[in-house]
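A.B. asks: Next input, structure requested:
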Amino acid sequence: MALRRTEERHAEAGGIDLLPDEDVLARLADAQVEAAASVRAARESLARAARLAADTVAKGGRIAYAAAGSSALMALADGLELPGTFGIAPEQVIVLIAGGAAALHTLAGAPEDDLDEARRAVVEAGLGPADCLIAVTASGSTPYALAALEEARARAVPTIAIANNAGAPVLERADIAVVLATPPEIVAGSTRMGAGTAQKIALNMLSTLMAIRLGHVHDGFMVNLKADNQKLKARAVGIVAAIAGCGEAEADTLLDRAGGSVKIATLLAAGAVSRAAAEALLQDAGWRLRPALSMLKGDARARTQAS
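C.D. replies: Residues are numbered from 1 along each chain as shown. Below you'll find the predicted structure:
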């Protein structure tokens, strides 16, 4: 079997243990930058993956991540942040991790070989054709990720695979294959480094584009955030004030009227007569703020012309 790129030795790794600390860190940093750059080449496949994810969520389906080891940590970080950042319903996000909850305390290697656990996790999650599964694995042949993907396919679940080795089995078996062709690691085989960095970036890009297509981002603002702490409440006030062009005190009052919804508060600031009217506008606009604002302005112009 040919040596996988993720297991190869990096050209700058020789003698690294003899270098001064600053030089070691420079090589590590350069390797991370090099790995991050590999994500650009995957934009086309990431765009297709984001469209699938957006369609799934828009229709009420669920996104499930399946991974082991450090790839599971990248998937977990992405999935757990979706409700707070973009207002995705928590029940629409599932993260299947080799070893289950215990893996969050001890990231043991053995569970990644447990095919039965992976299949059982997919079955117990009740995944079906209305959902989608994202399998993440640096090598592209991690048994847990492969088995989860295969079980998902058997249940007619649309699948996305993200791997760092071209031609890997998981890529060949997924509906959408995302190759992150990262260079070898400075510490050979330690894919928590460059490969993990590229995975984190790719997952962030995929889920952020998904949120944009769902209408949860407006001019770079996260207009569907869940403001459940003081920092996010202050952010929500700032977002409403910036989009609506009103003062923060007014934005704060409108957010209270809107039940904490940035989109509804913005529409109220723009002239919607009530929360119910703003909600109706959003529903007609597919819960997207920009077309809802355009519809509101159009109504205002029509009323002005009629008078």
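A.B. asks: Check what pLDDT T304 gets.
C.D. replies: Reported pLDDT at T304 in the predicted model: 46.
A.B. asks: what do you get for L107?
C.D. replies: At L107, pLDDT is 65.
A.B. asks: mind listing the helices for the stretch 1-150 of the chain?
C.D. replies: Using DSSP state H, counting those that start in this stretch, the helices of the stretch 1-150 of the chain run over 21-37, 43-58, 69-86, 115-125, 143-154.
A.B. asks: Dump the ones you listed into TSV; add distance to I134, mean neighbour count and mean pLDDT as well.
C.D. replies: Using the backbone N, CA and C atoms, a C-beta is placed for each residue, glycine as well. Formatted as TSV, the helices of the stretch 1-150 of the chain follow (distance: least, CB to CB, whole Å; neighbours: other CB atoms under 10 Å; pLDDT from 0 to 100):
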stretch	distance to I134	mean neighbour count	mean pLDDT
helix 21-37	20	14	94
helix 43-58	7	19	98
helix 69-86	7	21	94
helix 115-125	12	17	95
helix 143-154	9	24	96
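A.B. asks: So, low pLDDT: which residues of this structure?
C.D. replies: Along the chain, the model assigns pLDDT under 70 to residues 1-3, 107-110, 299-307.
A.B. asks: Give me the buried positions along stretch 269-287.
C.D. replies: A269, A270, A272, R275, A277, A278, E279, L281, L282, A285, W287 (16 or more other CB atoms under 10 Å).
A.B. asks: Using CSV, write out the CA atom coordinates for it.
C.D. replies: Output in CSV follows, covering the C-alpha atoms of stretch 269-287 (Å, rounded to 0.1, in the frame of the first residue of the first chain):
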residue,chain,number,x,y,z
ALA,A,269,-37.0,49.8,13.0
ALA,A,270,-37.6,50.0,9.3
GLY,A,271,-41.3,50.7,9.8
ALA,A,272,-43.1,47.4,10.3
VAL,A,273,-46.2,48.2,12.3
SER,A,274,-46.0,45.2,14.7
ARG,A,275,-44.1,42.1,15.5
ALA,A,276,-46.8,40.0,13.8
ALA,A,277,-46.5,42.2,10.6
ALA,A,278,-42.7,41.7,10.6
GLU,A,279,-43.0,38.0,11.1
ALA,A,280,-45.5,37.9,8.1
LEU,A,281,-43.0,39.8,6.0
LEU,A,282,-40.2,37.4,6.9
GLN,A,283,-42.3,34.4,6.2
ASP,A,284,-43.2,35.7,2.7
ALA,A,285,-39.5,36.4,2.1
GLY,A,286,-38.4,32.9,3.1
TRP,A,287,-37.1,34.3,6.4
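A.B. asks: any idea how far that stretch is from the chain center?
C.D. replies: 28 Å (CA atoms, centre = their mean, to the nearest Å).
A.B. asks: next one: stretch 67-83
C.D. replies: Worked out by CA atoms, centre = their mean, stretch 67-83 lies 9 Å from the chain centre.
A.B. asks: which residues sit against that stretch?
C.D. replies: Stretch 67-83 is touched from outside by 63, 65-66, 88-90, 93-99, 103-104, 107, 109, 111-112, 134-138, 142, 144-145, 191-192, 196, 199-200, 203-204, 207, 211, 226, with contacts defined as CB atoms under 8 Å, 6 or more residues apart in numbering.
A.B. asks: Recalculate using a threshold of 7 Å.
C.D. replies: By CB atoms under 7 Å, 6 or more residues apart in numbering, the residues outside stretch 67-83 that reach it are 65, 88-90, 93, 95, 97-98, 103, 107, 111-112, 135-138, 142, 144-145, 191-192, 196, 199-200, 203-204, 207, 226.
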